[in-house]
Structure formats: structure tokens, C-alpha cells
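# Compute the structure for the input listed below.
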Amino acid sequence: MEQITMKVDDAVFEKIKARMEKNGCKTLAQCARELLELGLRIEEAAANQEAGSDENDVLGTLLNLTKTNTQWVLETRFFVKFLMENWNRIESSQLSLFMDKAKERAAVVVHELVGQQTNIKLQSAESG
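You can find the predicted model right below:
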């Protein structure tokens with residue numbers, strides 16, 4: 001293990017001391033090593049994300065994870081809106097038909113939302 005000597009501002013030193021006590025580090029040097037390692041990992045993760053790899057596309061991943069739920073919420077919203085507007089003149093055959101229409105409409109909206117996110121991602125990749 002290599003040894004280095006560092007000088008830090010008083011404010012930074014106090015923060016490191018407070019962190020040492022809070023996290024149970026045995027020495028200031030151990031606390032400083034942990035902070036250096038953490039900083040290097042953050043820098044590496046940022047570099048990986050800037051490289052534009054799809055595995056690190058957090059927004060796209062979250063969008064795909066919530067796609068089904070978003071579609072279901074929209075489908076329910078469209079159906080409830082129809083029920084509220086037509087509650088006094090609804091026939092049972094219309095309910096089934098409109099449920100199918102609400103499902104299709106929700107699927108289209110979510111597909112467009114995912115497509116817009118993909119287009120934004122492509123445009124930023126081309127300009128960067």
C-alpha cells in the first residue's frame with residue numbers, strides 16, 4: 001500500500017472527522033481512503049453512463065418497468081371517464097366495447113410515450 005500526505009481545508013477536515021465518528025471509522029486515514037474509493041466509483045459510474053451504453057439508461061429502464069402499470073392506469077382512467085359521462089344511458093354491450101377501446105387507446109398513448117423517450121435519447125446521442 002502506498003502512502004501519501006494530504007493537506008485539507010479546516011472545513012473539509014471537520015467534515016471528515018464528523019464522518020469518521022458517524023460511520024465508526026477507526027482512523028482519519030481509513031475514512032479518507034473510503035471517501036477516495038467512493039469518489040472513484042462515482043466517477044467510473046458517471047463515465048460509463050456518459051458512454052451512452054443502454055444498460056445504464058435509467059430513464060429508459062424505469063419507463064419500461066412502469067409501462068404496463070401506466071397502460072393499466074390510463075385504461076382505467078379512460079373507462080371511468082366514459083362511465084361518469086354516460087352512467088344513465090349505458091347498455092351492457094357498450095361496456096364491453098368501450099373497455100376494449102379504452103385498452104387500445106391506453107396502449108397507443110403508452111407506445112407514443114415510449115417512442116418519444118427513445119427519439120429524445122437518439123437525438124441527444126446524435127448531437128453529443
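
# Using the three-state scheme, assign the residue sitting furthest away from the middle of the chain.
Distance from the centre of the chain peaks at Arg89, with 43.1 Å (Cα atoms, centre = their mean). For Arg89, the reduced secondary structure class is coil; criterion used: DSSP: H, G, I helix; E, B strand; the rest coil.

# confidence score at it?
According to the predicted model, the pLDDT of Arg89 comes to 80.

# Backbone dihedrals for it, both of them.
Dihedral angles of Arg89 (phi, psi; degrees, to the nearest 10) stand at phi -140, psi 30.

# Contact partners for it?
Not one residue lies near Arg89 by Cβ atoms under 8 Å, 6 or more residues apart in numbering. Yep, even glycine has a C-beta here, placed from its N, CA and C like the rest.

# For Arg77, see how far away it is.
21 Å (Cβ to Cβ, to the nearest Å).

# same question, Ser93
If you measure Ser93 against Arg77 using Cβ to Cβ, the figure is 22 Å.

# And for Leu83?
Between Leu83 and Arg77 the computed distance is 11 Å (Cβ to Cβ).

# quick revisit: Ser93 and Arg77: which is more packed in?
More crowded of Ser93 and Arg77, by other Cβ atoms under 10 Å: Arg77, with 13 against 8.
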